[in-house]
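> Got a sequence here, can you model it:
(2 chains)
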Amino acid sequence: KAGVTQTPRYLIKTRGQQVTLSCSPISGHRSVSWYQQTPGQGLQFLFEYFSETQRNKGNFPGRFSGRQFSNSRSEMNVSTLELGDSALYLCASSLGWGDGTGELFFGEGSRLTVL
Amino acid sequence: AQSVTQLGSHVSVSEGALVLLRCNYSSSVPPYLFWYVQYPNQGLQLLLKYTSAATLVKGINGFEAEFKKSETSFHLTKPSAHMSDAAEYFCAVSEGGGYSTLTFGKGTMLLVSP
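Purely as a prediction, here's the structure:
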């Protein structure tokens, strides 16, 4: 069974640009969450989607957005990039929202560098 | 609001020695607790989880953790460290009830020397 797939794995952008990251969950998983990982702040929750609806959102500015498609694949977008957005962005999937396990399966991440 | 505190950003042990990584949590509801491991340039892998069943939880690679409600702790242990255990370890808490949003600790880097 294939794991969570994130693309691209590495990317470099400049300040002011925007970026879109993609995540394909494990087959059969309907919930997708996104986390930002930085050396200073650690792992911080961005948002969670289930059935194409955002179910929960972390404390990030509106420049960070996401969506989920009918096949459960998800994308997140960051507009007007700032230097502080440089981070590893991790996607995680789970069977479903409220599935009783709380267990997440993580992808390898997309490492974004903003110059 | 829930939170997780991991004591010690770095822990060094010798190969064959006991591994003890500390995690304390706060939660307003009975928590679900997790330990994840992250190897360089990789995502997080679940080691073990506590979901209100047995208080002593066994995970992969010989790791285990004990839930102690009175101490609000969920420390991770392994009797004998291997070189391959060198990685960063994260403790996390969710509100339970199946909610997937995790609050993570800052992580503890485990260093294993020969």
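> okay, CA-based contacts and neighbour counts for the rest of this
Fine.
> Report pLDDT for the most centrally placed residue in chain B.
Chain B has residue B:35 as the residue nearest its centroid, 3.4 Å off, counting by CA atoms, centre = their mean. Note for residue B:35: predicted pLDDT of 96.
> do the same with the one 4 residues further on
With respect to pLDDT, residue B:39 scores 93.
> what residues are up against the residue nearest to the centre of chain B?
For residue B:35, the contacting residues are B:46-49, B:76, B:89-92, by CA atoms under 8 Å, 6 or more residues apart in numbering or on different chains.
> let's see 6 Å
By CA atoms under 6 Å, 6 or more residues apart in numbering or on different chains, the residues touching residue B:35 are B:47-48, B:90-91.
> next one: residue B:78
Contacts of residue B:78 (CA under 6 Å, 6+ apart): B:18-19, B:63.
> buried subset of those?
By the neighbour-count criterion of 16 or more other CA atoms under 10 Å in any protein chain shown, these include these buried positions: B:19, B:63.
> Now do the helices in chain B.
For chain B, no helices are identified by DSSP state H.
> any weak-confidence spans in it?
Applying pLDDT under 70 to chain B flags residues B:95-100.
> Near residue A:22, how many other residues are there?
When neighbours are defined as other CA atoms under 10 Å in any protein chain shown, residue A:22 has 21 of them.
> Likewise for residue A:47?
A count of nearby residues for residue A:47, using other CA under 10 Å, gives 23.
> hmm, back to that, farthest pair within the contacts of residue B:35?
Largest separation among the contacts of residue B:35 by CA to CA: B:48 and B:90, giving 11.1 Å.
> Could you check which of the two has the larger neighbour count?
Ranked by neighbour count (other CA under 10 Å), residue B:48 and residue B:90 place residue B:90 first, with 27 against 20.
> Give the full set of residues in contact with the residue lying closest to residue B:75 once chain neighbours are set aside.
Distances taken as CA to CA, 6 or more residues apart in numbering or on different chains put residue B:22 closest to residue B:75, at 4.5 Å, once the chain neighbours are dropped. If you count contacts by CA under 6 Å, 6+ apart, residue B:22 has them with B:6-7, B:75.
> Beta-bridge partners for residue B:58, please?
Assessed by DSSP bridges, residue B:58 has beta-bridge partners residue B:64.
> Give me the residue at the spatial middle of chain A.
In chain A, the centroid-proximal residue (CA atoms, centre = their mean) is residue A:34; its distance is 3.0 Å.
> quick one: which of the contacts of residue B:22 is most hemmed in?
Counting neighbours by other CA under 10 Å, residue B:6 comes out on top of those with 22 neighbours.
> Of the contacts of residue B:22, which belong to strands?
The strands, defined by DSSP state E, take in B:6-7, B:75 from the contacts of residue B:22.
> Closest one of these to chain A?
For the ones in strands among the contacts of residue B:22, the closest approach to chain A (CA to the nearest CA) belongs to residue B:6, at 11.9 Å.
> Nearest spatial neighbour of that closest one, chain-adjacent residues omitted?
Once flanking residues are discounted, residue B:6 sits nearest to residue B:23: 4.6 Å by CA to CA, 6+ apart.
> my guess is the one you found contacts residue B:8, does it?
No. At 9.6 Å, residue B:23 does not count as touching residue B:8 under the criterion of CA atoms under 6 Å.
> thought residue A:58 was touching residue A:46?
Yes. If you go by CA under 6 Å, residue A:58 and residue A:46 touch, sitting 4.7 Å apart.
> Give me the neighbour count for residue B:113.
14.
> and the gap between it and residue B:85?
For residue B:113, the distance to residue B:85 (CA to CA, to the nearest Å) stands at 11 Å.
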